[in-house]
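Trainee: take this sequence and fold it.
(one chain, ligands or ions: 2)
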Amino acid sequence: MSPRCKKIACIGAGYVGGPTMAMVALKCPDIEVVVVDINEVRIKAWNSEELPIYEPGLDDVVKAARGRNLFFSSDVKRHVGEADIVFVSVNTPTKTRGVGAGKAADLAYWEGAARMIASVSKTSKIVVEKSTVPVKTAEAIEKVLRRNCSDPAVQFEILSNPEFLAEGTAIEDLERPDRVLIGGKETPSGRSAVEVLKSVYEHWVPAERILTANLWSAELSKLTANAFLAQRISSINSISALCEATGADVGQVAHSIGTDSRIGGKFLNASVGFGGSCFQKDILNLVYICETLGLKQVADYWASVVSINDYQKQRFVERVIEAMFNTISGKKITVLGFAFKKDTGDTRETPALDVCQGLLQDNARLYIYDPKVTENQIHADLATPKFEWDHPGSRTPSRKQDSIKVLQDPYEAAQDSHALCVLTEWDEFKKYDYERIYDSMMKPAFVFDGRNILDHERLRKIGFIVYALGKPLDPFIQKPYS
Ligand SMILES: NC(=O)c1ccc[n+]([C@@H]2O[C@H](COP(=O)([O-])OP(=O)(O)OC[C@H]3O[C@@H](n4cnc5c(N)ncnc54)[C@H](O)[C@@H]3O)[C@@H](O)[C@H]2O)c1
Ligand SMILES: O=c1ccn([C@@H]2O[C@H](COP(=O)(O)OP(=O)(O)O[C@H]3O[C@H](CO)[C@@H](O)[C@H](O)[C@H]3O)[C@@H](O)[C@H]2O)c(=O)[nH]1
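Mentor: Ligands and ions are numbered 1, 2, ... in the order given. Okay, the predicted model is just below:
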């Protein structure tokens, strides 16, 4: 094993592999970093002016290091064969069929990568789990690596180094992480591998922020971190329903509890539901692991976080229908925001998808505007069956439906519409000319703020009927008995 790392290969040039390795390359000019992927289109985009993902600050980091010590390549075998450290950052989606379908993680991409690493390795390597994986994956991967490498002199040391970046703030998170976690075996070679990886991060991360743990703790910490974060959102979202039923204001409740330093104020924004490629997938995976270990109560506890999230999206759709006199059939509804959160063009598991499907079921006509999501992406998402979205190659081709229009201009999207539904918290939505929008809409004109980002009092003064999640209900939409 090389005591110092000279070359890193990262398998998977996605939302994690691309930005993470760009930051490593920027901060470690003495290390050659090559990101490889089987998806040639993606690699081509990483080598172009138009990167395959939108992330604030990413362009600058890539431009500073690309061609110097950062490379993107589809010559997977060559670069993996030459590397001292191989990061594996492939997708670990939810299984769509067979045992554990709808819950368990599908490790086929991971295992494929491991077999390939074994087959091309002529020198010993540190193999790093960057993907989020079920606890104990390292054990299985080690067996695959050992049994598929023909050279007995080649040694593999497996480390778990889960990634905690959030989309939209990836560059900030990578540059100044709360912590970097490295899990390794408690053996001399395991400890020395941990030191090698630590030396990479020490180029820019303060030593006290680099935590080490055993392999299983590191793997489980990633699933637990996501479960805790998502649990906070489901907790405040459950309270938002109670607020609407009682006249309390969820913003005030969140602020009041968040000032308790034991609770803290982050991740308490009530919303139409959490989305993104990680939270639901990782909790379902946690639930599956608990079920297979016979921990039914633990599984049920975490499953409820996902149930509340589904309930919140459904509740929002029902509010829209109820408020609009119990029928949205044929009505034009403007959807502001389709990405799963602001500052990203990513739509994986976006709550907008379930809300739009719910509105379409009731025969609404949707006019969708998002500053970063393309028309093709929106049409493809609305045509893709649940859980298929994260399997490379299985994406349903974009198929336009007559009831869905995607607009490039929010004012055009709102023209002659009965209602606006805010589904992503993009900052630009706060700055629109709502007088102009109101004048162009059908009356009564409704706003359903699924992110609580607009100035509701101002909107009411303009004449809108406003529904805001977890806020006292507008008398116009209050049910007679509530
Ligand atoms: N997206 C996030 O914000 C985030 C954050 C932390 C952790 N994670 C985890 O990181 C992992 C990757 O997530 P992502 O969002 O980057 O996924 P992604 O789909 O954007 O990227 C994965 C890439 O791996 C490639 N790939 C799959 N099998 C391959 C193989 N055998 N050889 C070469 N390339 C291969 C795919 O073509 C794809 O481009 C997942 O386990 C995810 O849970 C994601
Ligand atoms: O108070 C809040 C905070 C977030 N959200 C929503 O929750 C989802 C997830 O947001 P966020 O966690 O900021 O983005 P992700 O990119 O999904 O990042 C999460 O998932 C990643 C993948 O595992 C982890 O690495 C990150 O640490 C973890 O925050 C989004 O739909 C947000 O709109 C809320 O509804 N209310």
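Trainee: what sits closest to the residue nearest the centre of the chain if chain neighbours are left out?
Mentor: With distances taken as C-alpha atoms, centre = their mean, the residue of the chain nearest its centroid is residue 276 (3.1 Å). Excluding the flanking residues, the one nearest residue 276 by C-beta to C-beta, 6 or more residues apart in numbering is residue 340, at 4.6 Å. No exception for glycine: its C-beta is placed from N, CA and C like everyone else's.
Trainee: correct me if wrong, but the one you found is in a helix.
Mentor: No. Per DSSP: H, G, I helix; E, B strand; the rest coil, residue 340 lies outside any helix segment and is coil.
Trainee: show me what contacts it?
Mentor: If you count contacts by C-beta atoms under 8 Å, 6 or more residues apart in numbering, residue 340 has them with 167, 275, 276, 346, 347, 348, 349, 350, 351, 352, 424.
Trainee: could you export those residues as a markdown table, including pLDDT?
Mentor: As requested, these are arranged in a markdown table below (pLDDT from 0 to 100):
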| residue | pLDDT |
| --- | --- |
| 167 | 95 |
| 275 | 98 |
| 276 | 97 |
| 346 | 95 |
| 347 | 97 |
| 348 | 95 |
| 349 | 96 |
| 350 | 98 |
| 351 | 98 |
| 352 | 98 |
| 424 | 98 |
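Trainee: can you redo those residues as a markdown table with distance to ligand 2 and secondary structure?
Mentor: Conversion of these to a markdown table gives the following (distance: C-beta to the nearest ligand atom, whole Å; DSSP: H, G, I helix; E, B strand; the rest coil):
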| residue | distance to ligand 2 | secondary structure |
| --- | --- | --- |
| 167 | 4 | coil |
| 275 | 4 | coil |
| 276 | 3 | coil |
| 346 | 8 | coil |
| 347 | 11 | coil |
| 348 | 9 | coil |
| 349 | 8 | coil |
| 350 | 7 | coil |
| 351 | 6 | helix |
| 352 | 9 | helix |
| 424 | 7 | coil |
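Trainee: my read: residue 221 touches residue 213, true?
Mentor: Yes. With contact defined as C-beta atoms under 8 Å, residue 221 reaches residue 213; the gap is 6.9 Å.
Trainee: need the overlap of contacts for these two.
Mentor: Residues touching both residue 221 and residue 213 by C-beta under 8 Å, 6+ apart: 181, 183.
Trainee: contact residues of the protein facing ligand 2?
Mentor: Remark: the part of the chain in contact with ligand 2 comprises 132, 163-167, 226, 229, 233, 267-269, 271, 274-276, 278-279, 340-341, using C-beta under 6 Å from any ligand atom.
Trainee: filter the residues you listed to the buried ones?
Mentor: By neighbour count, with 16 or more other C-beta atoms under 10 Å, the residues of the chain next to ligand 2 hold 132, 163-165, 167, 226, 229, 233, 267-269, 271, 274-276, 278-279, 340-341 as buried.
Trainee: helices - which of those residues land there?
Mentor: Assigned to helices by DSSP state H, the following of those qualify: 226, 229, 233, 279.
Trainee: quick check: nearest residue in space to the third one, chain neighbours excluded?
Mentor: Of all residues beyond its chain neighbours, the one nearest residue 233 is residue 274 (4.7 Å), with distances taken as C-beta to C-beta, 6+ apart.
Trainee: quick revisit: of the ones in helices among the buried ones among the residues of the chain next to ligand 2, closest to ligand 1?
Mentor: For those, the residue nearest ligand 1 by C-beta to the nearest ligand atom is residue 226; the value is 8.4 Å.
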